[in-house]
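> here you go, sequence then predicted model.
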There are 2 protein chains.
Amino acid sequence: MSGTDICETFHHAMNGGTHTGGRVLGIDRWLLRKFLHGMGDPRIRASLWDGKVVVTSMPAPAAGMVIHDRATLWRLVANPLLNFGEDYSTGRIGIEGGLVEFMEAVYRAMAKGRRHSPPAAGRRTRSANSLAGSRDNIHHHYDIGNDFYRLWLDREMVYTCAYFPHPEATLEEAQAAKMELVCRKLRLQPGQAVVEAGCGWGALALHMARNHGVTVRSFNISHEQIAYARDRARAEGLEGRIEYVEDDYRNIAGRYDAFVSVGMLEHVGPNHYRELGKVIDRSLTEHGLGLIHSIAQDVPEPLSPWLLKRIFPGSYPPTLREMMEVFEPWGFSVLDVENLRLHYAKTLEHWLARFEENRERIAGMFDDCFVRAWRLYLAGAIANFRVGKLQLFQVVFARSANNLIPLTRSHLLDPTGHA
Amino acid sequence: MSGTDICETFHHAMNGGTHTGGRVLGIDRWLLRKFLHGMGDPRIRASLWDGKVVVTSMPAPAAGMVIHDRATLWRLVANPLLNFGEDYSTGRIGIEGGLVEFMEAVYRAMAKGRRHSPPAAGRRTRSANSLAGSRDNIHHHYDIGNDFYRLWLDREMVYTCAYFPHPEATLEEAQAAKMELVCRKLRLQPGQAVVEAGCGWGALALHMARNHGVTVRSFNISHEQIAYARDRARAEGLEGRIEYVEDDYRNIAGRYDAFVSVGMLEHVGPNHYRELGKVIDRSLTEHGLGLIHSIAQDVPEPLSPWLLKRIFPGSYPPTLREMMEVFEPWGFSVLDVENLRLHYAKTLEHWLARFEENRERIAGMFDDCFVRAWRLYLAGAIANFRVGKLQLFQVVFARSANNLIPLTRSHLLDPTGHA
């Protein structure tokens, strides 16, 4: 389903639905108050279609929402995790003040509610990431147009968490630093063979081949991304050193000195982690190092139904415990885990700022409803990383018996003095 | 059970058992060959009581074993994981060449066998580490005499994995570097309050109070260790800044800026991890950091029955997945995991060398059988860390919503240039 399809669905729904607010009744206000109390009393304002503030917290909160009609109020109460996104996208719910601040306040309240009742372990979605299912899911998000992503990603088109050696680094600097950090963690040496599972638009493979003298085979099932990456490798004269393969990670063959996967595990699904580990086990040499970089969470919970429906079908951010299902059955040793949560909040802030700068052009490519849906996705992600609902782990691993692993982290030191 | 008791048991067994080898029969040799094949054909020599080599691998292995009588051979075959230790300790099994090399060859062969059949998840011992059970288990190992441990530990009496900034660091330097590394990972600031679960002879608390200006409450259920630690704090004039509490970690009360536990989790038992997490949850301030340092393993397996019986009753080295049971139910974020496996092999090499230098004195304190049992424990541990059967994780964690966590690892940099 492309971005345009999403909005056609919305427009159809809007035309069919009631859209006149009518007079605000006592029961409307009661319902809204009750609902927000159930959500943990987030520090926001909330108004109904008469424009009057019904709920507000003290001191005055930074952001508020306006619900434009009764049908939207009832839809929200009935299924907030799905319908907030749907109705924000179509404009039936408006936000005053910052969307990020609003989402942050809501997530913070929800997180507090969770802390009072530790969740049962193991709650999570099981997504059908078969070979064909994965292809559909990836196509949904990554094939909506390279021109669109070019408007708000960095120059190298890196669509994963950057690494900010210092808070004022630019997005371009931070993405380059992230790629270099990954290479250092893998201790790449000239002449080594690297396999990459999920390569986006190919930037990491280019960085590795260009700056570390390795050969890379990169797997990705997004047709648009692979085509783009091949063009770049040719343009840089690196086509003899990088092979971009349009295929599923499960079809990786050969043996490699390093296995790397940045931003793919989110799309694999926990019921396929053991299988991913098997692929790594047959691919990695005796003294090879591996790195998996993935969005994660501290407590196992499915993504919001709206995100699953509209933005990332089939996705799931694992806990570190769940990630161990990649490694433990095959006896891999975890050598190093680094949590880059705050870096992803910063990365997303850069993306959202560039997205807003280009919102007219994006609305021209798609429409306003698409702009609002993607704004909500980016702002919601910032909020989720800020409140600690989402994490970002880089996990370095090796075979248990590999004694050529580094003794210390001194190889991670950047010559410019940034660790 | 003290060290002396162990050997009285052994002497009793020896006097009651057959001890004449008799003529070596074809079936003895067949049994030995069959047995070693079942163990994965370790690269060792093996001889029986006539002194002739029955089994050897090519090229010539570095180490071999001699089984001194038929009863020992049959005992070994019947229950190798228990009886190798028992019969090595009493001298019924001898080792030619290095004991470490011998154990390493055996563990390497066993690990290869394991790799061909990934183990079922969750295999592990459930030890009864109730409050009273823990006290007995800890007394068994840690209360056998400070004078004994002084003979082979470093000057500061640190009985956990050291950190070697470079391979030639002395044990004293490496233990100081480990304590400093822990303090840096916790970002200790003068005036902060630290709680320590399991403090050994008190060295880390002294280092923290002396070098970082914090106050420390340290819990330990070993009476001998607590008495020793209190003397040291008094001698250094730090008794106003450190309180050594002879009590179980489950009785920790109060709120602290940092929670630290170095080398205790091995004694906690997986069925108590959630409870440990609860203690941390009620003890740590909103922006507090925690660190757990523990022996671990890549694949869940109980310790050898010999080690459980003679050296570490009630112990279990968790996998990283199992360790997450401390953190996940309480929504803690893992910030950093470092695997110090090779550092523990080096630490143990230092301990074993000092132990051997003092073996006459130790035999005088206990007896030869005790010396052999502890030599086997230390040599076996070196081998286990070398082959990757054991790991050592330092895990840094914080509350999910703590946004004052460090952005990078630059705070871990040592001013002397060692990372």
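Cool, got the structure.
> show me what the strand or helix carrying A:Phe327 is packed up against.
For A:Phe327, the element it lies in under DSSP states H and E is helix A:320-327. Taking 3 or more CB pairs under 8 Å, 6 or more residues apart in numbering or on different chains; DSSP states H and E as contact, the helices and strands that helix A:320-327 lies on are helix A:273-283, strand A:284-296, strand A:332-339, strand A:391-399, helix B:320-327. For every residue, glycine as well, the C-beta is placed using N, CA and C.
> would you reformat those as JSON lines and include mean pLDDT and mean neighbour count?
Formatted as JSON lines, those follow (pLDDT from 0 to 100; neighbours: other CB atoms under 10 Å in any protein chain shown):
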{"stretch": "helix A:273-283", "mean pLDDT": "98", "mean neighbour count": "19"}
{"stretch": "strand A:284-296", "mean pLDDT": "98", "mean neighbour count": "22"}
{"stretch": "strand A:332-339", "mean pLDDT": "98", "mean neighbour count": "24"}
{"stretch": "strand A:391-399", "mean pLDDT": "98", "mean neighbour count": "24"}
{"stretch": "helix B:320-327", "mean pLDDT": "98", "mean neighbour count": "24"}
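> format these as TSV; extra columns: distance to A:Glu236.
Below are the helices and strands packed on helix A:320-327 laid out as TSV (distance: least, CB to CB, whole Å):
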stretch	distance to A:Glu236
helix A:273-283	26
strand A:284-296	23
strand A:332-339	29
strand A:391-399	26
helix B:320-327	39
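> out of the ones you listed, nearest to A:Glu266?
Among the helices and strands packed on helix A:320-327, strand A:284-296 comes nearest to A:Glu266, with 5.0 Å by CB to CB.
> just checking, next helix/strand downstream of that closest one?
Once the chain leaves strand A:284-296, the next helix or strand it forms, by DSSP H and E, is helix A:305-306.
> now do the helices in the stretch 51-200 of chain A.
In the stretch 51-200 of chain A, the segments counted as helices under DSSP state H, counting those that start in this stretch are A:70-78, A:80-89, A:99-116, A:131-142, A:146-150, A:171-185.
> what residues of the last one count as buried?
Taking 16 or more other CB atoms under 10 Å in any protein chain shown as the basis for neighbour counts, the residues of helix A:171-185 that come out buried are A:171, A:173-185.
> got the domain ranges for chain A?
Listed domain ranges for chain A are A:3-115, A:131-412 (source: automatic domain parsing).
> any stretches of chain A with poor pLDDT?
Low-confidence segments of chain A (pLDDT under 70): A:1-21, A:114-128, A:414-419.
> how many neighbours does the residue nearest to A:Ala209 when sequence neighbours are not counted have?
Distances taken as CB to CB, 6 or more residues apart in numbering or on different chains put A:Arg241 closest to A:Ala209, at 4.3 Å, once the chain neighbours are dropped. Number of residues near A:Arg241 (other CB atoms under 10 Å in any protein chain shown) recorded here: 17.
> any idea which of the domains of chain A is most buried?
Most buried of the domains of chain A, by mean neighbour count (mean count of other CB atoms under 10 Å in any protein chain shown): domain A:131-412, with a mean of 20.
> how long is it end to end?
The straight-line separation of the ends of domain A:131-412 (CA to CA, to the nearest Å) is 36 Å.
> circling back: right, so of the domains of chain A, which gets closest to B:Asp147?
Closest of these to B:Asp147 is domain A:131-412, at 32.9 Å (criterion: CB to CB).
> mind listing what the nearest residue to A:Lys52 once chain neighbours are set aside touches?
The shortest distance from A:Lys52 to any non-neighbouring residue, by CB to CB, 6+ apart, is to A:Val24 (7.3 Å). Going by CB atoms under 8 Å, 6 or more residues apart in numbering or on different chains, A:Val24 touches A:48-50, A:52.
> can I get the residues you listed in JSON lines with secondary structure?
Listed next are the contacts of A:Val24 as JSON lines, based on DSSP: H, G, I helix; E, B strand; the rest coil:
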{"residue": "A:Leu48", "secondary structure": "coil"}
{"residue": "A:Trp49", "secondary structure": "coil"}
{"residue": "A:Asp50", "secondary structure": "coil"}
{"residue": "A:Lys52", "secondary structure": "coil"}
